[in-house]
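**Student:** Below are the sequence and a predicted model; questions follow.
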Amino acid sequence: MRKKHLEILLEQVSGFASADLLKEQYKTSVSVAAELLFSAYMKGDIRDRVVFDLGCGTGILGIGSELLGSRCVVGVDCDIGALRIARENALVQGCSNISFVCCDIDRFCGSGHTVVMNPPFGVQMKGGDRPFLRCAARIGDVIYSIHNKGSSGFVQKYMSPSIVTEVKPVKFAIPRTFWFHRDDVRMIDVELYRIVVCERHG
């Protein structure tokens with residue numbers, strides 16, 4: 001599958017019916033999701049792999065992982081309403097090897113190869129991305145994650161002894177979602193990270 005075809009399919013994934021500001025719930029930009037997933041695919045981290053989508057929301061990263069040939073996908077989120085939409089999105093795309101778990105990220109346990117995630121950036125709640133990074137390091141061998149521009153120093157230090165092997169700057173489109181948004185779409189600078197887990201965190 002070409003990246004452009006993946007983007008076309010991901011455009012059909014519905015976003016949140018009622019987004020939660022404190023959880024920083026935004027639909028992941030289709031172009032960013034496709035960039036992250038295709039990068040993971042080209043590095044051999046998607047096809048025939050067990051993939052976890054942490055804070056999956058309505059499922060765009062997990063669904064994209066299955067479309068690219070993952071062995072199975074588990075989407076994890078604490079928002080049952082978002083998971084209902086995620087299940088509907090998976091059905092629309094014909095995804096049969098994806099399951100969804102309603103669970104707080106700190107309590108989730110599992111073991112697989114690849115973690116994909118778009119965690120909170122910590123704008124509304126400082127350190128909101130940390131539980132996701134900790135969980136990812138417990139359950140995966142390689143992590144693909146989206147963070148604010150300029151986060152590389154923090155991510156590398158926090159994830160040590162794991163190693164950041166790639167940081168790619170991209171533009172992230174945030175649609176008008178909350179009352180304080182003035183623009184229909186706002187473009188922000190973010191970074192895509194690939195992190196190799198050298199030692200599973202307990």
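**Tutor:** Yep, it's here.

**Student:** for the helix or strand hosting V32, packing partners?
**Tutor:** Assigned by DSSP states H and E, V32 belongs to helix 30-42. Using 3 or more CB pairs under 8 Å, 6 or more residues apart in numbering; DSSP states H and E as the contact test, the elements touching helix 30-42 are helix 3-10, helix 60-67, strand 114-117, strand 142-148, strand 163-175, strand 185-196. C-beta here means a position set from N, CA and C on the backbone, and glycine is covered the same way.

**Student:** Of all the ones you listed, which one is nearest R107?
**Tutor:** Closest of these to R107 is strand 114-117, at 16.0 Å (criterion: CB to CB).

**Student:** Give the rounded mean pLDDT of the following helix or strand past that closest one.
**Tutor:** Following strand 114-117 in sequence order, the next helix or strand is helix 130-139 (DSSP H and E). Average pLDDT, helix 130-139: 96.

**Student:** rewinding a little: got the angle for the helix holding V32 vs strand 142-148?
**Tutor:** 160 degrees (axes from the mean of the first three to the mean of the last three CA atoms, to 10 degrees).

**Student:** Now do helix 30-42 and helix 60-67, the angle between them.
**Tutor:** In terms of direction (the same axes, to 10 degrees), helix 30-42 departs from helix 60-67 by 40 degrees.

**Student:** What residues sit buried inside helix 30-42?
**Tutor:** Within helix 30-42, the residues scored as buried using 16 or more other CB atoms under 10 Å are V30, S31, V32, A33, A34, E35, L36, L37, F38, S39, A40, Y41.

**Student:** So the residue of the chain positioned farthest from its centre, which state does it fall into?
**Tutor:** Residue farthest from the centre of the chain, counting by CA atoms, centre = their mean, is R182 at 25.7 Å. Classification of R182 using DSSP: H, G, I helix; E, B strand; the rest coil returns coil.
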